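K.L.:
Below: sequence and its predicted model.
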Amino acid sequence: MNSIKSVFLVAERDLYRFWQSKQWLAGQIAMNLADVFIFALIFGGIVRKDLVPDYFKYVTPGIASLATFVAAFSIGREVGMEVRRDIVDYLLVLPMSRLALVIGRLLGGMLRGLLYQLTFLVLASIILSSPKLEQLPILFMTSILLTSSMSSLAIAVSSISRDFNIQATFRAITYYLLFFFSNVYYPRQVLMLRFPQPIPQIVSVSPISLAADIYRWCFNYYTYIDYTDLAMLALWSSALIVLGLATYLRNLTKR
Amino acid sequence: MRKAIEIVNLVKRFGDTIAVDNLSLDIYEGEIFGFLGPNGSGKTTTLLTIATVYKPTSGDVRVYGYSVVNYGDKVRKLIGIAFQDPKALGIDKPYDLLLWHARVVGYSFNDAKKVVKGVMESLGLWEYRNKYFYQLSGGTRKKVEIAKILIQRPKVAIFDEPTAQVDVTSKHAMWDAIRELRNSGSTIILATNDMFEAERMCERIAIIYRGRLRALGAVKELKDLVPYGDIVEVSIAKQEDAERAVKILSGFGKVGANGLQFMVYLNRGEEKAIEIIDALEKVGIRVTRIMVKEPTLDDVFFYITKAKLKE
């Protein structure tokens, strides 16, 4: 069997399992949707109107960005379970290269993220406005970069240890850092009023923030796009993919 | 005979624990080879090293000449393993799992559907095809694991305790399936701590204890390792011949008596039984019954491991 076919079969397995967890999926989507509405209602009345005139429209693309990593992290949950229960041994004896296996997992995570995100992109189209034709490739590219980097990160973090407590702690820390250090809920100007540098600067270059800003442009909240955001997101993505692949590969083969 | 597997000075350590200690042996193409040993003896570690899951700490394993260290990708194309603990998540369903496995090992989608159905039916799994894995009994889960290999039909098929937790009827079905797999050209490696299974299935057996190879050979050869392991039971017709009979039988081994029945403890009992009849009848002692009892693999295992423990 050639490597490309192996990669797609591994990804297909992960995607199928994602579909098997429909109830979990529905719950997660409902939670993220609740985030949109609750945050919009509460923060909409708190955040300065001169900085964020329509909070509902501001937060929706950010939640779409955040949702991506929630979904991508579901692959991490499964990878962690497979490592803990030695199910990974089965994958390791299949007639395919380790690299094909690892890339397949990453692709599976990425596809999960894209699928999951679809709901939120549609919601953003309704709440804000639909992307123009020339914005679609950027939207698509942003989603690919974000989901692939997040699934790589999730896979790497989940395969660090066979101990559930360590796995869960690392996942929580990563989740917290990405969640907290983002402009999903506040624009950079608000953060600059509240936090000393370099925190606002760091926040604005985190992958979630970069993707959120690009989505804001794609859904016409922002009127311009800073292409360096896209370049930085690509850089983040490359780094996280390499890190994720290398860590997963190392953790799979170190025994 | 062509070597399917060569294990050369294999050592596998996990921290301070030596799981496999300088193991060397060859497994030949087309044989059913058994690894026999108690839990924690190093059987599974050896199998997982052959299957490229573990890296040897030192030494090597070659599968059809390909080193597991340097040619893992090639080795994985030649082997298939049914794990001791079935490898699936609770949300997996047997049919989906096996269909995916079939496609990964090279079947087209349509062929995969046919072969999966056939194997599932042969193992009595078809009715469970759409159940979740967490709903299946231990034995049924085990059958799913075995089904993977029967679908894959690899050149080297590894079974790690294939019939543990399996009922008697299914056990026989699995043994038949494993034999059929061998007859169709696969080399079989079977790890077990069930002496009866090892004796019934394996042509050669390696007894492993505490990571080290303690004995290797055909079942018969292993049984001959037990001193005076065979028992030849001889019954004679007349009480007045008893004294002479004891004298003659003592020439073959240790003798115990119970009326007209005598027990001779020796090795290679089947060969010696004929000589015993000849010797008795030559002096006019009529033999009414003779029976050879071999030691079981339990006896062999106990003898070998005990002996080594005393070293």
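P.N.:
Cool, the structure landed. Residues are numbered from 1 along each chain as shown, chains lettered A, B, ... in the order given.
K.L.:
which residues sit in contact with the residue nearest the centre of chain A?
P.N.:
Most central residue of chain A, judged by C-alpha distance to the mean C-alpha position with C-alpha atoms, centre = their mean, is residue A:69 at 2.4 Å. By C-beta atoms under 8 Å, 6 or more residues apart in numbering or on different chains, the contact set of residue A:69 is A:113, A:146, A:150, A:154, A:175, A:178, A:208. Using the backbone N, CA and C atoms, a C-beta is placed for each residue, glycine as well.
K.L.:
Then residue A:203?
P.N.:
Applying C-beta under 8 Å, 6+ apart, the residues near residue A:203 are A:181, A:182, A:183, A:188, A:191, A:209.
K.L.:
same question, residue B:156
P.N.:
B:4, B:5, B:50, B:63, B:64, B:78, B:79, B:80, B:186, B:187, B:189.
K.L.:
and those, which of them are in helices?
P.N.:
Here DSSP state H is the test, and the contacts of residue B:156 give B:50, B:78 as lying in helices.
K.L.:
so how many other residues sit close to the residue of the stretch 1-150 of chain B found nearest chain A?
P.N.:
Nearest residue of the stretch 1-150 of chain B to chain A (C-beta to the nearest C-beta) works out as residue B:87 at 3.6 Å. When counting by other C-beta atoms under 10 Å in any protein chain shown, one arrives at 24 neighbours for residue B:87.
K.L.:
Now it: closest residue in space that isn't a chain neighbour?
P.N.:
The shortest distance from residue B:87 to any non-neighbouring residue, by C-beta to C-beta, 6 or more residues apart in numbering or on different chains, is to residue A:90 (3.6 Å).
K.L.:
Just give me the neighbour total for the one you found.
P.N.:
So residue A:90, with other C-beta under 10 Å, has 19 neighbours.
K.L.:
after the helix or strand where it lies comes which helix or strand?
P.N.:
Secondary structure assigned from DSSP states H and E places residue A:90 in helix A:88-92. Using DSSP H and E, the helix or strand that follows helix A:88-92 in sequence is helix A:98-127.
K.L.:
Residue numbers of the stretch 151-255 of chain A in contact with chain B?
P.N.:
A:253, A:255 (C-beta under 8 Å from any C-beta of the partner chain).
K.L.:
which ones are touching the closest residue to residue B:160 other than its chain neighbours?
P.N.:
Excluding the flanking residues, the one nearest residue B:160 by C-beta to C-beta, 6+ apart is residue B:84, at 4.1 Å. Contacts of residue B:84 were listed using C-beta under 8 Å, 6+ apart, and they are B:44, B:160, B:161, B:164, B:191.
K.L.:
quick one: least confident of those?
P.N.:
Across the contacts of residue B:84, the bottom pLDDT score, 84, is held by residue B:164.
K.L.:
any idea what that one is structurally, helix, strand or coil?
P.N.:
Secondary structure, DSSP: H, G, I helix; E, B strand; the rest coil: residue B:164 is coil.
K.L.:
Could you measure from the nearest residue in space to residue B:78 that is not next to it in sequence over to residue B:295?
P.N.:
Leaving aside its sequence neighbours, residue B:78 sits nearest to residue B:155 (C-beta to C-beta, 6+ apart; 4.6 Å). Distance of residue B:155 to residue B:295, computed by C-beta to C-beta, to the nearest Å: 34 Å.
K.L.:
got the contact list for the residue of chain A at minimum distance from chain B?
P.N.:
Proximity of chain A to chain B (C-beta to the nearest C-beta) peaks at residue A:90, 3.6 Å away. Applying C-beta under 8 Å, 6+ apart to residue A:90 gives the contacts B:83, B:87, B:88.
K.L.:
coming back round to it: please tell me the pLDDT value assigned to the residue of the stretch 1-150 of chain B closest to chain A.
P.N.:
88.
K.L.:
how close does it sit to residue B:126?
P.N.:
From residue B:87 to residue B:126 the distance is 21 Å (C-beta to C-beta).
K.L.:
low-scoring stretches of the stretch 151-300 of chain B, by residue?
P.N.:
Across the stretch 151-300 of chain B, nothing is flagged by pLDDT under 70.
K.L.:
please redo it, this time with the cut-off set to 80
P.N.:
B:165, B:225-229, B:295-299 (pLDDT under 80).
K.L.:
just the helices in it please.
P.N.:
In the stretch 151-300 of chain B, the segments counted as helices under DSSP state H, counting those that start in this stretch are B:168-183, B:195-201, B:219-223, B:242-249, B:269-282, B:297-310.
K.L.:
among the ones you listed, which is nearest chain A?
P.N.:
For chain A, the closest of these is helix B:168-183, at 16.8 Å, according to C-beta to the nearest C-beta.
K.L.:
hang on, the earlier thing: nearest to residue A:2 among the contacts of residue A:90?
P.N.:
Using C-beta to C-beta, residue B:87 comes nearest to residue A:2 of the contacts of residue A:90, at 24.2 Å.
K.L.:
Helix or strand for the closest one, just tell me which one.
P.N.:
Remark: residue B:87 resides in no helix or strand, with elements defined by DSSP H and E.
K.L.:
for chain B, what are the nearby residues on the stretch 1-150 of chain A?
P.N.:
So the stretch 1-150 of chain A meets chain B at A:1, A:6, A:9, A:12-13, A:16-17, A:20-21, A:78, A:81-82, A:85-87, A:89-90, A:92-98 (C-beta under 8 Å from any C-beta).
K.L.:
circling back: please identify which of the contacts of residue A:69 is nearest to residue B:174.
P.N.:
residue A:154 (38.6 Å).
K.L.:
First-to-last residue distance for stretch B:48-60?
P.N.:
Start-to-end span of stretch B:48-60 (C-alpha to C-alpha, to the nearest Å) is 13 Å.
K.L.:
For the closest residue to residue B:50 other than its chain neighbours, grab the count of nearby residues.
P.N.:
Closest residue in space to residue B:50, ignoring its immediate chain neighbours: residue B:61 at 5.2 Å, by C-beta to C-beta, 6+ apart. Residue B:61 has 22 neighbouring residues, counting by other C-beta under 10 Å.
K.L.:
swap in residue A:137?
P.N.:
Quick note: residue A:137 (other C-beta under 10 Å) scores 11 neighbours.
K.L.:
can you give me the end-to-end distance of stretch A:41-54?
P.N.:
First-to-last residue span, stretch A:41-54, C-alpha to C-alpha: 11 Å.
K.L.:
So for that stretch, what gets flagged as buried?
P.N.:
Counting neighbours by 16 or more other C-beta atoms under 10 Å in any protein chain shown, one finds that the buried residues in stretch A:41-54 are A:43, A:44, A:47, A:52.
K.L.:
Can you check the pLDDT for the third one?
P.N.:
The one in question is residue A:47. 74.
K.L.:
what does the first one give?
P.N.:
Looking at residue A:43, its pLDDT reads 76.
K.L.:
and the nearest residue to it once chain neighbours are set aside, how many neighbours?
P.N.:
Counting by C-beta to C-beta, 6+ apart, residue A:43 lies nearest to residue A:55, which is 5.6 Å off, once chain neighbours are set aside. Residue A:55: 21 surrounding residues under other C-beta under 10 Å.
K.L.:
May I have the phi/psi pair for residue A:55?
P.N.:
Backbone torsions of residue A:55, given as degrees, to the nearest 10, read phi -60, psi -40.
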